[in-house]
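S.K.: Using only what follows, build the 3D model:
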Amino acid sequence: MASSMEKTFSRITHVDAEINANIEHVWELLTNIESHASWNSTLNSLKGRIQEDGRIELITQLEPSRTFKLKVTSFDPPKYMVWSSGMAPFFKGVREYRLTRIGDAATRFEMKETMKGLMFPMASKHIPDMRDSFDQVAEDLKKASEDH
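M.R.: Okay, here's the model as predicted:
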């Protein structure tokens, strides 16, 4: 179940799940931009390239009228990647994906998003609670990975 912690200048939302599939398969689902539409029910659209220094345009079910323009700022297959947007110190959003191998056939999936900055107190009332969406991503990824 996703958790969220909010302070005056930041909010962190986190979810994790154990997936009964090997880490390479889970990574492939996360990084293959064309496959997201088939398993990730929280998205309306995802375009671009999920790779080191890649650019992504994302439209979510939560905010269908807004296009998020993100950059892949860290990429370490098949373990870790970071998507980010904004301009520090005013407002910055950072989403981290971490996969950890559990034996030969299971993977721990973690997704954490940190939104922070000097403008966060004013913006926070307009940013939806992401916990349900994070739970849905974890559930969708688990199902897609284990149905393989």
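S.K.: What residues of stretch 133-148 count as buried?
M.R.: 133-134, 136-138, 140-142, 144-145 (16 or more other Cβ atoms under 10 Å). Where you see a C-beta, it was placed from the backbone N, CA and C, and this is true even at glycine.
S.K.: got the contact list for the residue nearest to F91 when sequence neighbours are not counted?
M.R.: Residue nearest to F91 in three dimensions, not counting chain neighbours: G117, with 3.9 Å by Cβ to Cβ, 6 or more residues apart in numbering. Residues in contact with G117 (Cβ atoms under 8 Å, 6 or more residues apart in numbering) are 9-10, 86, 88-92.
S.K.: and with 7 Å instead?
M.R.: For G117, the contacting residues are 9, 86, 88-92, by Cβ atoms under 7 Å, 6 or more residues apart in numbering.
S.K.: show me what contacts L29?
M.R.: 35, 39, 141, 144-145.
S.K.: Make CSV from these and add distance to E96, pLDDT and secondary structure to it.
M.R.: CSV is the format used below for these (distance: Cβ to Cβ, whole Å; pLDDT from 0 to 100; DSSP: H, G, I helix; E, B strand; the rest coil):
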residue, distance to E96, pLDDT, secondary structure
S35, 20, 89, coil
W39, 20, 97, helix
L141, 15, 98, helix
A144, 20, 97, helix
S145, 19, 97, helix
